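Student: Give me a model of this one.
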Amino acid sequence: MPSQSDSFTGSVWLRPPRAQTGQPSLSREQIVRAAIELLDAEGPAGLSMRRLGTKLGSGATSLYWHVANKDELLELAVDEVLGEVYVPVPGDTSWRMGASICANGMRSALLRHPWVIGLLGLHPTLGPNAMRLGEQLVALFTRAGFSGMALSHATAVLNSHAIGAATSEAAVRSALRRTGKTWQQVAEDVEPYLERLGPENPEYEKWRKETGPMRRDPDQVLEEMYAFGLDRVLDGLELWLAKHPGSAQA
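Tutor: Presented below is the predicted three-dimensional model:
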């Protein structure tokens, strides 16, 4: 028998609906929205059933109509965030533009709700929004010419780039907030150290002097890095399609 704490077989999406009597004072939607507000403000450590009940002006009993524990609540909150990601309908635009819109939406949603990053993969993403997102991506990539496991790999590469970029960006923003300094002040603090290491790392030092990454706006650098990577991912997928023109009929 699987443990109740097993994050996969114990998923909120896999358990049967609870038998309920009476009328709950709160809806699941209200509970999830309030949970997301707490998570955005303080992260998972700041979320508890008691604090959520206080925020909603209700006892914890009302919450348990819909969720058994914090883990289930986090699953619901993650699926709600995935509902913010838009994928164009096949035919409304090119598959490449549609894939870009989806990746941009995923990255943006994760940067608005960075606590989601640490929860991805802990539970199966089987909620209605996650399934809708998967359905729309499959439709888009099928229309492009992908099929079988190649389709799965292609969408995974796209999502991995968006999630990876958001992870790095969220980490940089969090680290910068913890310093209490501006990016320019941090760059000034680091500069003497890099200068000392210059003779030992001549190629890096030459590149650093030419580009001056520490003197540039970090948001702009991260934006350019993400866009460059996305274009290269799509270039690679486009090249694969060109080399496998019959993949959709295979």
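
Student: which residues does the residue of the chain positioned farthest from its centre contact?
Tutor: No residue in the chain sits farther from the centre than residue 199, which is 39.7 Å out by Cα atoms, centre = their mean. With Cβ atoms under 8 Å, 6 or more residues apart in numbering as the criterion, the residues that contact residue 199 are residue 205. (C-beta placed from N, C-alpha, C; glycine too.)

Student: Just say helix, strand or coil for it.
Tutor: Per DSSP: H, G, I helix; E, B strand; the rest coil, the secondary structure class of residue 199 is helix.

Student: One more: the one 4 residues further on?
Tutor: Recorded secondary structure, residue 203: helix (three-state DSSP).

Student: So the nearest residue to residue 161 once chain neighbours are set aside versus residue 115, what's the distance?
Tutor: If you skip the residues right next to it in sequence, residue 161 has residue 233 as its closest partner in space, 5.1 Å away by Cβ to Cβ, 6 or more residues apart in numbering. Counting by Cβ to Cβ, to the nearest Å, the gap between residue 233 and residue 115 amounts to 25 Å.

Student: The two: which is more packed in?
Tutor: Neighbour comparison, residue 233 and residue 115: the larger count goes to residue 115, with 23 against 19 (by other Cβ atoms under 10 Å).

Student: So that one lies in a helix, does it not?
Tutor: Yes. Counting by three-state DSSP, residue 115 is found in a helix.

Student: isn't it right up against residue 40?
Tutor: Yes. Using Cβ atoms under 8 Å as the test, residue 115 is close enough to residue 40 to be in contact (7.3 Å).

Student: how about low-confidence regions in the chain?
Tutor: 1-9, 16-24, 59-61, 246-250 (pLDDT under 70).

Student: Quick check: the residue nearest the centre of the chain vs residue 117, distance?
Tutor: In the chain, the centroid-proximal residue (Cα atoms, centre = their mean) is residue 110; its distance is 4.0 Å. When Cβ to Cβ is applied, the distance between residue 110 and residue 117 equals 6 Å.

Student: Give me the common contacts of the two.
Tutor: 163, 166-167, 170.

Student: Just the buried subset of these, please.
Tutor: When burial is judged by neighbour count using 16 or more other Cβ atoms under 10 Å, the buried members of the shared contacts of residue 110 and residue 117 are 163, 166-167, 170.

Student: returning to that earlier point: okay, and the residue nearest to residue 161 sits in which element?
Tutor: helix 218-243 (DSSP states H and E).

Student: Buried residues in that helix, which are they?
Tutor: Of the residues in helix 218-243, those scored as buried under the neighbour-count criterion (16+ other Cβ under 10 Å) are 218, 222, 226, 230, 233-234, 237, 241.

Student: Distance to residue 209 for the residues you listed - can I get that in JSON lines?
Tutor: Putting the buried residues of helix 218-243 into JSON lines (distance: Cβ to Cβ, whole Å) gives the following:
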{"residue": "218", "distance to residue 209": "19"}
{"residue": "222", "distance to residue 209": "21"}
{"residue": "226", "distance to residue 209": "25"}
{"residue": "230", "distance to residue 209": "28"}
{"residue": "233", "distance to residue 209": "30"}
{"residue": "234", "distance to residue 209": "32"}
{"residue": "237", "distance to residue 209": "36"}
{"residue": "241", "distance to residue 209": "41"}
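
Student: Give me the neighbour count for residue 174.
Tutor: 11.

Student: Which residue is the nearest non-sequential neighbour of it?
Tutor: For residue 174, the closest residue by Cβ to Cβ, 6+ apart turns out to be residue 114, at 7.4 Å.

Student: quick one: residue 171 and residue 180, what's the gap?
Tutor: 17 Å.
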